[in-house]
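Undergrad: Below is the sequence, then the predicted model.
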Amino acid sequence: MPFASRLLTALSPTIRPLCPTSSTFNIFIRRTSPLALTSTITTTAPTRRLKTQTSSIAEFNSQENKTNKRDKMTGQNQALWLTEQEGDFVVREAPYWTPGPDDILVRNKAVAINPMDWKIKLFGKHIPFPRTFPAIIGADVAGEVAEVGENVTKFKKGDRVIGKANYVATDHPSTGAFQHYTVCPASGSAILPDSISFAAGSVLPLAISTAAMGLYPPHRLGLPLPSPSSDAKKGKILLVWGGSSSCGSAAIQLAAASGARVIATASAKNFAFVKSVGAEEVVDYNDDEEKVVQRLVERIRAMQGSSKDNEDIYGAIDAIGEDKTWRATAQVLHGLGGGKVVSFLPWGHEGAPEGVEVQGLNDTSSLGKLTDINEAVWGRFVPEGLKNGALKAVPAPIVVGKSLDALPEEIMKSQAGVSAGKLVIEL
Ligand SMILES: NC(=O)c1ccc[n+]([C@@H]2O[C@H](COP(=O)([O-])OP(=O)(O)OC[C@H]3O[C@@H](n4cnc5c(N)ncnc54)[C@H](OP(=O)(O)O)[C@@H]3O)[C@@H](O)[C@H]2O)c1
């Protein structure tokens, strides 16, 4: 196969970005030129532009001045604005935000790039957020606390923190990561020990929240809550498809801290990494799918020992979120007699095999509302685990720029994917 075709195959999974109803909005993307990153898009049904509200950045800033009785912008904050749905990325002045009573304002020192960022830029009309433009996107920040809301007691100015930027839930630019100052909920932030760099810390927030929403709610996989001490009792088996990804490695770390015995998939070069974050077994997914599925079924049976009872198995996480990965993950559970898959592809799981329930995860930004789970994860496990080593700041950050200006190009380049790493911009 010519190099360009191999590259295209590697770059061109069937992608179904976040869609409100998959039957209406599934899109299949085939890149025709890896260099130009042009895409041919066919839709299973006529696409429909979701309703949005757009003003200019100048209008937004002027309105913000009036609403918050500012004379003018202070010049302290700059942001990467997305001008409109599938519009341009531009770096411009942004307000110096005031955090709400339960929030903190973080002076960002590092922000991480996620697959959702390029998907929003290229295919925003199929994605239900952001709805209001100009928008500031980005989900992961690490930095220093600049201001604390009046109800916040666990952080003070100057603390080193990581935080989940919650623009998906708020639809407000104050809560996007790609700027110098971001408002984060205190309940989705944690102290970052001095021993961990801002770049390393920035890889965690979205991955941790996404993994937690898959693992802990009773209607998902219902694992016991994680403990930062090493005494978690060894419990049931969990399959994580995509263990070397950012979300997959976070799922393994959380699950291991909940006592799960984890088996994961990854490329052979990443076996050591995946085991280092807590997987007991790793299987290479780069083979004929039937063989990989069979191998996983056999390994899980071996992990079970004499018991062949599916009560031993929590189920599976599809941390890659592609059509082929949730289907393969579901086939493994089917081979074991049934079970539940939580897929990080939010919608579009028609045709699961008999006995297998597949749930798409589309509510990561609601973790804060599940108080017990959020408190166990963000209140205890993340800060204590980072301090005592139970939680590693992985995958490794790959610093690809040192200013907001680097973001547009790096976001688009991130479509090519990373292996056991995460692209980070230091600020
Ligand atoms: N639903 C939500 O709320 C939500 C939230 C966050 C992310 N997501 C989605 O979750 C997915 C993962 O995001 P991420 O940031 O964790 O990705 P990532 O770290 O960028 O993923 C890169 C990793 O994926 C692995 N990989 C690629 N194809 C694979 C396959 N077929 N089987 C197994 N592993 C494979 C690679 O493994 P090797 O290098 O070892 O081959 C690589 O290490 C994305 O689709 C993202 O949009 C969804």
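TA: Perfect, thanks for sending it. Bear in mind the structure is a predicted one, so any value in this text is a computation, not a measurement.
Undergrad: Show me what from the stretch 51-200 of the chain comes close to the ligand.
TA: Taking C-beta under 6 Å from any ligand atom as the contact definition, the stretch 51-200 of the chain meets the ligand at 114-116. C-beta here means a position set from N, CA and C on the backbone, and glycine is covered the same way.
Undergrad: do the stretch 301-427 of the chain as well
TA: Listed as neighbours of the ligand in the stretch 301-427 of the chain under the rule C-beta under 6 Å from any ligand atom: 319-321, 325, 344, 346, 361-362, 364, 417-420.
Undergrad: which of the residues you listed count as buried?
TA: 319-321, 325, 344, 346, 361-362, 364, 418, 420 (16 or more other C-beta atoms under 10 Å).
Undergrad: Widest-spaced pair of those residues?
TA: Greatest spatial distance in these: Asn362 and Ala420, 25.7 Å, computed using C-beta to C-beta.
Undergrad: if you go through the stretch 201-350 of the chain in chain order, where are the strands?
TA: Taking DSSP state E, counting those that start in this stretch as the criterion, the stretch 201-350 of the chain carries its strands at 237-241, 261-266, 279-284, 313-318, 339-343.
Undergrad: and this structure, what are its domains?
TA: For the chain, automatic domain parsing gives the domain ranges 3-43, 56-203+395-426, 208-365.
Undergrad: Would you format these as JSON lines with distance to Arg380 included?
TA: Converted to JSON lines, these look like this (distance: least, C-beta to C-beta, whole Å):
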{"stretch": "domain 3-43", "distance to Arg380": "30"}
{"stretch": "domain 56-203+395-426", "distance to Arg380": "9"}
{"stretch": "domain 208-365", "distance to Arg380": "6"}
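Undergrad: Export those as CSV, with columns for mean pLDDT.
TA: CSV is the format used below for these (pLDDT from 0 to 100):
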stretch, mean pLDDT
domain 3-43, 31
domain 56-203+395-426, 96
domain 208-365, 95
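Undergrad: who wins for proximity to Gly385 among those domains?
TA: domain 208-365 (4.3 Å).
Undergrad: Switch the strands of the stretch 201-350 of the chain over to JSON lines; also include mean neighbour count.
TA: Below are these laid out as JSON lines (neighbours: other C-beta atoms under 10 Å):
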{"stretch": "strand 237-241", "mean neighbour count": "28"}
{"stretch": "strand 261-266", "mean neighbour count": "27"}
{"stretch": "strand 279-284", "mean neighbour count": "21"}
{"stretch": "strand 313-318", "mean neighbour count": "28"}
{"stretch": "strand 339-343", "mean neighbour count": "25"}
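Undergrad: Quick one: closest of those to Ala330.
TA: Across the strands of the stretch 201-350 of the chain, closest to Ala330 is strand 339-343 (C-beta to C-beta), at 5.2 Å.
Undergrad: Pairing partners for the closest one, with directions?
TA: Strand pairing for strand 339-343, determined by DSSP bridges: strand 313-318 (parallel), strand 356-360 (parallel).
Undergrad: hmm, back to that, for the strands of the stretch 201-350 of the chain, which one sits closest to Phe273?
TA: strand 261-266 (7.5 Å).
Undergrad: Remind me what that closest one packs against, helices and strands.
TA: strand 237-241, helix 246-257, helix 271-276, strand 279-284, helix 289-304 (3 or more C-beta pairs under 8 Å, 6 or more residues apart in numbering; DSSP states H and E).
Undergrad: Against which helices or strands is the longest one packed?
TA: Just to be clear, that refers to helix 289-304. Applying 3+ C-beta pairs under 8 Å, 6+ apart, one finds that helix 289-304 makes contact with strand 237-241, strand 261-266, strand 279-284, helix 323-335.
Undergrad: now the angle between strand 237-241 and it, please.
TA: 160 degrees (axes from the mean of the first three to the mean of the last three C-alpha atoms, to 10 degrees).
Undergrad: before we move on, what about the fourth one?
TA: Using the same axes, to 10 degrees, the direction of strand 279-284 lies 40 degrees away from that of strand 237-241.
Undergrad: does any part of strand 279-284 sit near the ligand?
TA: No - Strand 279-284 is not in contact with the ligand by C-beta under 6 Å from any ligand atom; minimum separation 8.5 Å.
Undergrad: The chain: helices as residue ranges?
TA: Applying DSSP state H to the chain gives helices spanning 3-11, 22-25, 57-67, 115-123, 167-170, 198-201, 205-215, 246-257, 271-276, 289-304, 323-335, 371-374, 382-388, 407-413.
Undergrad: Out of those, which is closest to Glu426?
TA: For Glu426, the closest of the helices of the chain is helix 198-201, at 5.8 Å, according to C-beta to C-beta.
Undergrad: Isn't Arg380 up against Pro228?
TA: Yes - between Arg380 and Pro228 a contact is recorded at 6.4 Å, counting by C-beta atoms under 8 Å.
Undergrad: Neighbour count: the two, which is higher?
TA: Set side by side, Arg380 and Pro228 show more neighbours around Pro228, with 19 against 15, by other C-beta atoms under 10 Å.
Undergrad: Not counting residues beside it along the chain, what's closest to the more buried one?
TA: Of all residues not flanking Pro228 in the chain, Glu384 sits nearest, at 3.8 Å (C-beta to C-beta, 6 or more residues apart in numbering).
Undergrad: And that neighbour, how far from the ligand?
TA: As judged by C-beta to the nearest ligand atom, to the nearest Å, Glu384 and the ligand stand 23 Å apart.
Undergrad: Val106 now?
TA: Going from Val106 to the ligand by C-beta to the nearest ligand atom gives 20 Å.
Undergrad: Spit out the contact partners of Ala58.
TA: Contact analysis of Ala58 by C-beta atoms under 8 Å, 6 or more residues apart in numbering lists nothing.
Undergrad: Please repeat the previous calculation with a cut-off of 10 Å.
TA: 92-93, 134 (C-beta atoms under 10 Å, 6 or more residues apart in numbering).
Undergrad: quick one: which of those has the most company?
TA: Among these, Pro134 has the most neighbours (other C-beta under 10 Å), with 24 neighbours.
Undergrad: That one against Ala94, yeah?
TA: Yes - using C-beta atoms under 10 Å, Pro134 is in contact with Ala94, at 9.3 Å.
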